[in-house]
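# Build me a structure from this.
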Amino acid sequence: MIREHFEYRETITTILADADAHIAAAKAGMIAARRALESYLRVDPFFGISYSPVHAKRGAPLIVQRMAIAAFEANVGPMAAVAASIAWAGVENMIDAGASFGLIDNGGDIVFVSDRSVRVGIYAGSALVSGKYAFVMPPVPGIRGICTSSATVGPSVSFGIADAVVVFSKNPSKADAWATGLCNVIRPLEEGIVMPAGTAVDAVYAVAGDWTAKWGKLPEIVPTAVRYKLITKGF
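From the prediction side, this is the model:
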């Protein structure tokens, strides 16, 4: 398996693939999506700064449409879904290039297609479970998103206090948006997580200090030693 760090402007990623051609496809897909979004933001700059949902204009690029739809479902600004939406475009391009396995980690927002089991480590800063466990993602058809938002780790804006909120979905943009939305409101004193009916979310795992909460059918969680150097971050 090939592992490659890739940066394009503010997009900072790790790409996993079986072939150099699939790595190249991932980069091309992400660059194209980001350029399409940047072009759109020159026409509609409010889309890029709003903390509330914003409708996409008629004829908007696919990445913009996905972000807008996700924002309305999770009641957040469209940019809450940007990282996974860019990664989604990259993985789609990998599939078009013939990949049956491909994973892009865009700063903790992971999009992948896989013909094998994949372990995704849990990193939540100083939280009790951080660095000690991993989700085991079984091989499944189609693209999946595993997106994380944190109020204590990383540069993203959050109005919450959770160390990590991880959301699983077949729609990566919605996983990203919901991770932000839930992280904004979850409090450790709550007994659990309640999700509205009809969402695209499959499961949620939340961490704050020594408190954890779960919703939906989570993948298997196993003990592991998360290697910090493998976490996607700017160098």
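# Let me see the contact set for I231.
Taking Cβ atoms under 8 Å, 6 or more residues apart in numbering as the definition of contact, the neighbours of I231 are G108, G121, Y123. C-betas here are computed from N, CA, C, even on glycine.
# can you list the weak-confidence ranges in the protein?
Judged by pLDDT under 70, the chain has its weakly predicted residues at 191, 228, 233-235.
# buried ones in the longest helix belonging to it?
Taking DSSP state H as the assignment, the helix of the chain that covers the most residues is helix 20-43. The neighbour-count check on helix 20-43 (16 or more other Cβ atoms under 10 Å) flags 22-34, 36-37, 40-41 as buried.
# So I221: helix, strand or coil?
I221 falls in the strand class when you classify it by DSSP: H, G, I helix; E, B strand; the rest coil.
# repeat for R3
Using three-state DSSP, the three-state assignment for R3 comes out as strand.
# Secondary structure element for the closest residue to it other than its chain neighbours, which one?
Spatially, and ignoring its direct neighbours in sequence, R3 is nearest to L16 (5.5 Å; Cβ to Cβ, 6 or more residues apart in numbering). With the criterion set as DSSP states H and E, the secondary-structure element containing L16 is strand 11-17.
# strands paired with that strand, and their directions?
The strands beside strand 11-17 in its sheet (DSSP bridges) come out as strand 2-8 (antiparallel), strand 102-106 (antiparallel).
# List the contacts of the lengthiest strand in the chain.
In the chain, ranked by residue count with DSSP state E as the criterion, the top strand is strand 140-149. When contacts are taken as Cβ under 8 Å, 6+ apart, the neighbours of strand 140-149 outside the stretch itself are 83-84, 88, 91-92, 95, 108-114, 120, 135, 137, 156, 158, 160, 162, 164-176, 178-180, 182-183.
# So which of those belong to strands?
Of the positions in these, 109-114, 120, 135, 137, 164-169 sit in strands, assigned by DSSP E.
# which element follows the longest helix of the chain toward the C-terminus?
Where DSSP H and E defines the elements, the next helix or strand beyond helix 20-43 is helix 62-74.
# so the most centrally placed residue in the chain bridges to which residues?
Nearest to the geometric centre of the chain sits D109, at 2.5 Å (Cα atoms, centre = their mean). For D109, the beta-bridge partners under DSSP bridges are N106, C147.
# quick one: stretch 143-157 to chain centroid distance?
Its chain's average C-alpha position is 6 Å from that of stretch 143-157, according to Cα atoms, centre = their mean, to the nearest Å.
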